[in-house]
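Visitor: Turn this into a structure:
(one chain, ligands or ions: 1)
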Amino acid sequence: MASFDNKTMVLCLWLAINFLSTVSSELPRFEHPIRGDQRLKFFVIGDWGRNGAFNQSEVAFQMGRIGEELDIDFVVSTGDNFYDNGLKGEHDPAFIDSFTNIYTAKSLQKQWYTVLGNHDYRGDALAQLSPALRKIDNRWLCLRSFVLNAEIAELFFVDTSPFVKDYFTIPNEHTYDWRGVTPIKIYTENVLKELESALRESTAKWKIVVGHHAIRSVGHHGDTEELVERLLPILRANDVDLYMNGHDHCLEQIGDNQSPIQYLTSGAGSKAWRGDLKGLNRRDLKFFYDGQGFMSVQMTPSDVEIVFYDVFGKVLHKWTMSKQLHDLHPIM
Ligand SMILES: *[C@@H]1O[C@H](CO)[C@@H](O)[C@H](O)[C@H]1NC(C)=O
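Guide: Numbering: from 1, shown residues only. Below is the predicted model:
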């Protein structure tokens, strides 16, 4: 048998990688049929897993109470699910201590659709993606990037951490679990390609993109330039209505100067009150709150209502929008 020399091996590997990256793959898809009343209702929360500390339990209690009133369909988590360094493995007790035993209300016993944040990548990222967690608590569903069809809206979850250059600078004060994500250039290009085709093919009346990192934020981290550069043009070109994220430990709403997109940060599930804000006088800033809380989304085919709540369940900010019928995509 002919034996390959090293150069041939490297060339074959390179060809294989390039071939694989041109094969169009699709984002995993999930269906969440809404119940009778033609209204979609869900919570968005981020940056939460701290064994109940830093008001995590208080926020969870109010989510339970208001979740009952709204009769929510599911919960979206914008990532940084477990602090400080994600999960150590599938059997890390933090999963039960920071999730199962915190969000105990009856109204929160719904599916949780979750992405990974940068802190989750500092631990065993594969553990959070593992079906083994669903056996411990079947509410849990965490994937890197995926599509959720909820009839009235389609939600597109994007794994944003691999886009952020800071996490790849060497030396780095943190270590990250990039298994399954490298080579990073091919991985991120694929995510964008798959997202773009899923958005293009979508006939949903509302298109919502969810990621951990903000595109626009006046909080501690500010805008994520890599996403402004690479992700935002795709959202603008495909009629995305809302972009939802965590990462900054605050609640905020910012408008887009070139499209109807609203940037909604819900990253206030536990530790907050950082106090270092950037550009609070931005013209497109509609709302900002530095403390703990969460966000609800209620939708019909023609209307959306976003509400932000604080740690006492008090309404901090409400925003509504209607779409004219002729703006709606035709139902095929
Ligand atoms: C918990 O929430 C209250 C009310 O907003 C706030 O005063 C307090 O500082 C919060 N605690 C922490 C640890 O952030």
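
Visitor: Looking at the stretch 151-300 of the chain, what residue ends up closest to the ligand?
Guide: Proximity of the stretch 151-300 of the chain to the ligand (C-beta to the nearest ligand atom) peaks at Gly291, 4.8 Å away. For the C-beta atoms, the positions are set from N, CA and C on the backbone; glycine is no exception.

Visitor: correct me, but that residue touches Ala268?
Guide: Yes - contact criterion C-beta atoms under 8 Å: Gly291 and Ala268 qualify, at 6.7 Å.

Visitor: Name the residues contacting each of those two.
Guide: Shared contacts of Gly291 and Ala268 (C-beta atoms under 8 Å, 6 or more residues apart in numbering): Cys250, Leu251.

Visitor: Look at these two and report which has more neighbours.
Guide: Under the criterion of other C-beta atoms under 10 Å, the comparison of Gly291 against Ala268 puts Ala268 first, with 33 against 15.

Visitor: confidence score at the more buried one?
Guide: The model reports Ala268 with a pLDDT of 98.

Visitor: Quick check: chain neighbours aside, which residue is closest to Ser296?
Guide: Val307 (4.8 Å; C-beta to C-beta, 6 or more residues apart in numbering).

Visitor: wait, what's in contact with that neighbour?
Guide: By C-beta under 8 Å, 6+ apart, the contact set of Val307 is Met295, Ser296, Gln298, Val315, His317, Lys318, Trp319.

Visitor: can you do 6 Å?
Guide: Taking C-beta atoms under 6 Å, 6 or more residues apart in numbering, we find Val307 in contact with Ser296, Val315, Lys318.

Visitor: Not counting sequence-adjacent ones, nearest residue to the residue in the chain that the ligand sits nearest to?
Guide: Among all residues of the chain, Asn55 sits closest to the ligand, at 3.9 Å; criterion: C-beta to the nearest ligand atom. For Asn55, ignoring the flanking residues on the chain, the nearest one in space by C-beta to C-beta, 6+ apart is Gln292 at 4.4 Å.

Visitor: Enumerate every residue touching the one you found.
Guide: The neighbours of Gln292, taking C-beta under 6 Å, 6+ apart as the test, are Asn55, Val59, Ala268, Ala272, Val311.

Visitor: if we can go back for a sec, need the phi and psi values for the residue nearest to Ser296.
Guide: phi -130, psi 130 (degrees, to the nearest 10).

Visitor: and it, what are its bridge partners?
Guide: Per DSSP bridges, residues listed as beta-bridge partners of Val307: Ser296, Lys318.

Visitor: Pull up the residues of the stretch 201-332 of the chain that are close to the ligand.
Guide: By C-beta under 6 Å from any ligand atom, the part of the stretch 201-332 of the chain that sits against the ligand consists of Ala272, Trp273, Gly291, Gln292, Val311.

Visitor: Confirm Val209 sits in a helix?
Guide: No - assigned with DSSP: H, G, I helix; E, B strand; the rest coil, Val209 falls outside any helix and is strand.

Visitor: who does it bridge with?
Guide: Val209 has these beta-bridge partners by DSSP bridges: Phe156, Tyr243.

Visitor: so who does it touch?
Guide: Counted by C-beta under 6 Å, 6+ apart, Val209 has contacts Phe156, Leu235, Val240, Tyr243.

Visitor: what's stretch 46-58 in contact with?
Guide: Here stretch 46-58 makes contact (C-beta under 6 Å, 6+ apart) with 78, 80-83, 97-98, 102, 246, 249, 266-267, 269-271, 292, 311.

Visitor: after the worst-scoring helix or strand of the chain on mean pLDDT, next one along is what?
Guide: Each helix and strand of the chain was given a mean pLDDT (mean pLDDT, DSSP states H and E); the minimum falls on helix 6-22 at a mean of 55. If you walk from helix 6-22 toward the C-terminus, the next helix or strand you reach (DSSP states H and E) is strand 29-31.

Visitor: Sheet partners, orientation included, of that next one?
Guide: When pairing is defined by DSSP bridges, strand 29-31 lines up against strand 146-150 (parallel).

Visitor: Can you list the buried residues in the strand it pairs with?
Guide: Residues of strand 146-150 classed as buried: Phe146, Val147, Leu148, Ala150 (neighbour count, 16 or more other C-beta atoms under 10 Å).

Visitor: Out of those, flag the one nearest to Asn172.
Guide: Phe146 (27.7 Å; C-beta to C-beta).

Visitor: Would you mind measuring from the closest residue to Ala153 other than its chain neighbours to Lys323?
Guide: Distances taken as C-beta to C-beta, 6+ apart put Trp206 closest to Ala153, at 3.9 Å, once the chain neighbours are dropped. Noted for Trp206: a distance of 8 Å to Lys323, by C-beta to C-beta, to the nearest Å.

Visitor: More neighbours: which of these two?
Guide: Trp206 (26 against 17).

Visitor: which ones are touching that one?
Guide: Here Trp206 is in contact with Ala153, Asp241, Met299 (C-beta under 6 Å, 6+ apart).

Visitor: so which of these is the most crowded?
Guide: Across those, neighbour numbers were computed from other C-beta under 10 Å; Met299 holds the maximum, 25 neighbours.

Visitor: in the stretch 51-200 of the chain, which spans are strands?
Guide: Taking DSSP state E, counting those that start in this stretch as the criterion, the stretch 51-200 of the chain carries its strands at 74-77, 111-114, 140-142, 146-150, 153-158.
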